[in-house]
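J.: 3D model of this:
(chains A and B)
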Protein chains: 2
Amino acid sequence: MVQVNGNYLKLKAGYLFPEIGRRVKTFAAANPDAALIRLGIGDVTEPLPEACREAMKTAIDEMGTAEGFHGYGPEQGYGWLRDAIARHDFQARGCDISAEEIFVSDGSKCDSSNILDILGAGNKIAVTDPVYPVYVDSNVMAGRTGEAGDEGRYAGLTYLPISADNSFAAEIPSEPVDLIYLCFPNNPTGAVATKDQLKHWVDYARANGSLILFDAAYEAFIQDPSLPHSIFEIEGARDCAIEFRSFSKNAGFTGTRCALTVVPKGLRGKTANGESVELWGLWNRRQSTKFNGVSYIIQRGAEAVYSDAGQKEVKDLVAFYMENAAIIRRELSTAGLTVYGGEHAPYVWIKTPEGMDSWGFFDHLLNKANVVGTPGSGFGAAGEGYFRISAFNSRSNVDTAMARIKAL
Amino acid sequence: MVQVNGNYLKLKAGYLFPEIGRRVKTFAAANPDAALIRLGIGDVTEPLPEACREAMKTAIDEMGTAEGFHGYGPEQGYGWLRDAIARHDFQARGCDISAEEIFVSDGSKCDSSNILDILGAGNKIAVTDPVYPVYVDSNVMAGRTGEAGDEGRYAGLTYLPISADNSFAAEIPSEPVDLIYLCFPNNPTGAVATKDQLKHWVDYARANGSLILFDAAYEAFIQDPSLPHSIFEIEGARDCAIEFRSFSKNAGFTGTRCALTVVPKGLRGKTANGESVELWGLWNRRQSTKFNGVSYIIQRGAEAVYSDAGQKEVKDLVAFYMENAAIIRRELSTAGLTVYGGEHAPYVWIKTPEGMDSWGFFDHLLNKANVVGTPGSGFGAAGEGYFRISAFNSRSNVDTAMARIKAL
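T.: Okay, the predicted model is just below:
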């Protein structure tokens, strides 16, 4: 009989966000008049930039003509988009990254899980705790872990706790690891890394031959000009890092779908037999064989992010959400809660009130304030006792939600 | 040091189409004045239907308002699109398939390779020879094969030859297999399967507990109303088949990107430990964790395929390409070549002239007629001595290409 991948059965409960969805649905069915405000899933709410919309409409018009029609595009993305990305997002910040090293895709979630396709089964893997669940679940599904223990931690993974105790900065693991997932600005804690902190990781990775998978999906929210937006701002990172970027959060593309992955040429790993292999070629082959590129229309929309008009609109969007984050920080502090993050990230990470765990606080806010957040424990055992509030919403929803929470 | 997936090193040469691309590029560089006509890659050329373009523009306008903005959508696709697909493509043909069993994606290439994620490593796998290379390469990359032999066949795979000798109908394998890739109308041979032929496969799969991966990307080109468009027109297929569909070829979405996969509820496989597991849940989990759904804008475009206007435009597109196929068949026959396919498929499969192998004929046509086709041997050892001509091009290009070939 056909055999299935039994590793899926190791996965604990549902993926965090579907579980939240189920609880919210149950509540909404029982309370049809409740005006729910969702500050849970990190999903943007404001209109798509006009520059992107206009560019997509022009692309659609082209597609209506024989001369302007575009069929299959390059699996790696169109050259004009890869060029714009390399120039604006990397070279302008002093990173030595070329267009050829940019792989355009339909999402960072896809890329950060698909990357395992080109990596071997024998890697020792480190993740922070709490962590974006996709990093862990994709490893479980690929059979790179053992079973989950009582706390939901999977055997075989190295967990690096981040909490208020260490200022949300993971320590270099004491035993050597081959693969390290880092996310800055951090989802879910909203923490950022300085150049010095990233340099420690790069130095460690180079010394150990490790690979850093660096998720920079939230880089646009960094306010302090001295903080790094890319791992490639750190010397030596080309030898030890792959970076994930997205148009989801800066340009509001969560429902439009475009992202990118940077794989430096010359970055190498070893096969189980010890043969040295360049990762760029493997990822290029993976994308050529298992992916057909992003819609021409959408790529034109993403390109418009880099136009003068697009850059201004994106800046305004980021400023808008960061003002939300500032309001959330201020109001929740006033309400007596301890808050972290939210200064260079669209997420505020709060300590749950005395005597209430993460899911308890979730149910409390849902039932009493009709506000949906995300339980910290859903991101890992060390997230227990924390709670994530997203700044992605309209101003009036943020104001109303804060007023309701303060009134509790 | 970080370990890479060494299975990639087993892959022979480049993926077929990049290899064609390289040869064409070299020729074009040496012959800048040659007016190349590309009948190689199966890529559509005619404008996108107006119904789809208008629907996408409306969706873009919605995305420019706070009320009409769409962020993350369901990873499985929007309900309205899944409904339309289930109703028009399946229920209207008597297939017992519900909207919940439809998973919308960005491409059949992705789906037909990603499906391996949920399948076990211990399956005995059968593919036809010749075959769409993605089925084989994705298995190689996932470590489900051994090394390639001299003929390019990978150890561990069961190859089912299809050629003029068996009327391009693969025989049921003599030794049991767990996983069978079938593609009808067939890429590359253009052959179709009758209901009786498919019933043999379904009966075999049910008797053996095998899973059929049925690629129906070209179903819209079927002209004979008695031929099945879906494996689910066959009784019992719900117990043994997954089907892949695409908007690429019927509605010209190769550069727009939308497709779907049908996973029937109740379809089951076993883990290595013998535990029975439903595949729907596994695929749902895979898509929820590793995919973020298709762009809202693009899904609205795909939905418009099912409008009255869209249906008419798609019918016209299919008729246009099938007229091309008829011209190719007629002209190449007149030129003395033996032709197959092209009657219910956009591909004409021709026997290469005496004394010329597939790549030899490729170079001959490229150099002498400036026409690009696809060498049959690129699809497998048993494709040697055959050559694929695609009907996807403008009428004038098809006419010119045929005139040039006849003049050789």
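
J.: can you map out the strands along the stretch 201-350 of chain A?
T.: Taking DSSP state E, counting those that start in this stretch as the test, the strands found in the stretch 201-350 of chain A are A:211-215, A:241-246, A:259-262, A:268-270, A:276-278, A:339-341, A:347-351.

J.: packing partners for the fourth one?
T.: Contacts defined by 3 or more CB pairs under 8 Å, 6 or more residues apart in numbering or on different chains; DSSP states H and E place strand A:268-270 against strand A:276-278. (C-beta placed from N, C-alpha, C; glycine too.)

J.: how about the third one?
T.: In this structure, strand A:259-262 packs against strand A:102-105, helix A:108-114, strand A:241-246, with contacts taken as 3+ CB pairs under 8 Å, 6+ apart.

J.: where does the prediction get shaky in chain A?
T.: A:13-15 (pLDDT under 70).

J.: care to break chain A down by domain?
T.: By the assignment in automatic domain parsing, chain A contains the domains A:6-47+A:309-407, A:53-307.

J.: three-state assignment of the nearest residue to residue A:334 once chain neighbours are set aside?
T.: Leaving out its chain neighbours, the residue that sits closest to residue A:334 by CB to CB, 6 or more residues apart in numbering or on different chains is residue A:406, at 6.9 Å. Following DSSP: H, G, I helix; E, B strand; the rest coil, residue A:406 is assigned to helix.

J.: residue A:406: neighbour count?
T.: 14 (other CB atoms under 10 Å in any protein chain shown).

J.: so what's it up against?
T.: For residue A:406, the contact set (CB atoms under 8 Å, 6 or more residues apart in numbering or on different chains) comprises A:331, A:334-335.

J.: neighbour-wise, which of these leads?
T.: For the contacts of residue A:406, neighbours were counted using other CB under 10 Å, and residue A:331 has the most, 19 neighbours in all.

J.: residues contacting that residue?
T.: A:402-403, A:405-406.

J.: then residue A:197?
T.: residue A:169.

J.: and stretch A:88-108 with chain B, contact?
T.: Yes: on the criterion CB under 8 Å from any CB of the partner chain, stretch A:88-108 is in touch with chain B at A:106-107.

J.: can you check the distance spanned by that stretch, start to finish?
T.: 19 Å (CA to CA, to the nearest Å).

J.: that one: which residues count as buried?
T.: For stretch A:88-108, the neighbour count (16 or more other CB atoms under 10 Å in any protein chain shown) marks A:89-90, A:95, A:97, A:99, A:101-108 as buried.

J.: kindly report the same for stretch A:386-396.
T.: Those would be A:386-393, for stretch A:386-396 by 16+ other CB under 10 Å.

J.: again, but for stretch A:28-44
T.: A:36-44.

J.: check stretch A:111-128 too.
T.: Buried positions in stretch A:111-128, judged by neighbour count with 16+ other CB under 10 Å: A:111-120, A:123-128.

J.: circling back: same for chain B: which of the buried residues of stretch A:28-44 are within range?
T.: Contacts with chain B within the buried residues of stretch A:28-44, counted by CB under 8 Å from any CB: A:41, A:43-44.

J.: got a markdown table for these, with distance to residue A:243 and secondary structure too?
T.: Converted to a markdown table, these look like this (distance: CB to CB, whole Å; DSSP: H, G, I helix; E, B strand; the rest coil):
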| residue | distance to residue A:243 | secondary structure |
| --- | --- | --- |
| A:41 | 23 | coil |
| A:43 | 23 | coil |
| A:44 | 21 | coil |
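
J.: sec struct for residue A:356, please.
T.: coil.

J.: what ranges do the helices span in the stretch 251-400 of chain A?
T.: A:279-290, A:296-303, A:308-334, A:358-364, A:395-407 (DSSP state H, counting those that start in this stretch).

J.: right, so these: which one is the most enclosed?
T.: Greatest average neighbour count among these goes to helix A:296-303 (a mean of 27), per mean count of other CB atoms under 10 Å in any protein chain shown.

J.: please see if that helix touches chain B.
T.: Yes: on the criterion CB under 8 Å from any CB, helix A:296-303 is in touch with chain B at A:296-298.

J.: how far away is the residue nearest to residue A:334 from chain B?
T.: Distance of residue A:406 to chain B, computed by CB to the nearest CB, to the nearest Å: 25 Å.

J.: so which of the buried residues of stretch A:111-128 are also by chain B?
T.: Okay, of those touching chain B (CB under 8 Å from any CB), that's A:113-114, A:117-120, A:123.

J.: my read: residue A:277 touches residue A:269, true?
T.: Yes: judged on CB atoms under 8 Å, residue A:277 makes contact with residue A:269 at a distance of 6.0 Å.

J.: that older thread, what's the closest of the helices of the stretch 251-400 of chain A to residue B:287?
T.: helix A:279-290 (14.5 Å; CB to CB).

J.: so residue A:348 makes contact with residue A:326?
T.: No: using CB under 8 Å, residue A:348 is not in contact with residue A:326, being 9.5 Å away.

J.: between these two, what contacts are shared?
T.: Counting by CB under 8 Å, 6+ apart, the residues touching both residue A:348 and residue A:326 are residue A:342.

J.: still on that earlier bit, and the buried residues of stretch A:386-396 as JSON lines, adding distance to residue A:57?
T.: Shown next, in JSON lines, are the buried residues of stretch A:386-396 (distance: CB to CB, whole Å):
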{"residue": "A:386", "distance to residue A:57": "43"}
{"residue": "A:387", "distance to residue A:57": "41"}
{"residue": "A:388", "distance to residue A:57": "36"}
{"residue": "A:389", "distance to residue A:57": "35"}
{"residue": "A:390", "distance to residue A:57": "30"}
{"residue": "A:391", "distance to residue A:57": "30"}
{"residue": "A:392", "distance to residue A:57": "25"}
{"residue": "A:393", "distance to residue A:57": "27"}
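
J.: from those residues, which land in strands?
T.: Judged by DSSP state E, the buried residues of stretch A:386-396 include A:386-390 as members of strands.

J.: circling back: now, which of the ones next to chain B among the buried residues of stretch A:28-44 sits nearest chain B?
T.: The nearest member of these to chain B, counting by CB to the nearest CB, is residue A:43 at 3.9 Å.

J.: so what's the residue nearest to the closest one when sequence neighbours are not counted up against?
T.: Nearest residue to residue A:43, sequence neighbours excluded (CB to CB, 6+ apart): residue B:71, at 3.9 Å. Going by CB under 8 Å, 6+ apart, residue B:71 touches A:43-45, A:252, A:254-255.

J.: if we can go back for a sec, from the contacts of residue A:406, pick the one nearest residue A:244.
T.: Relative to residue A:244, the closest of the contacts of residue A:406 is residue A:331; by CB to CB it sits at 32.0 Å.
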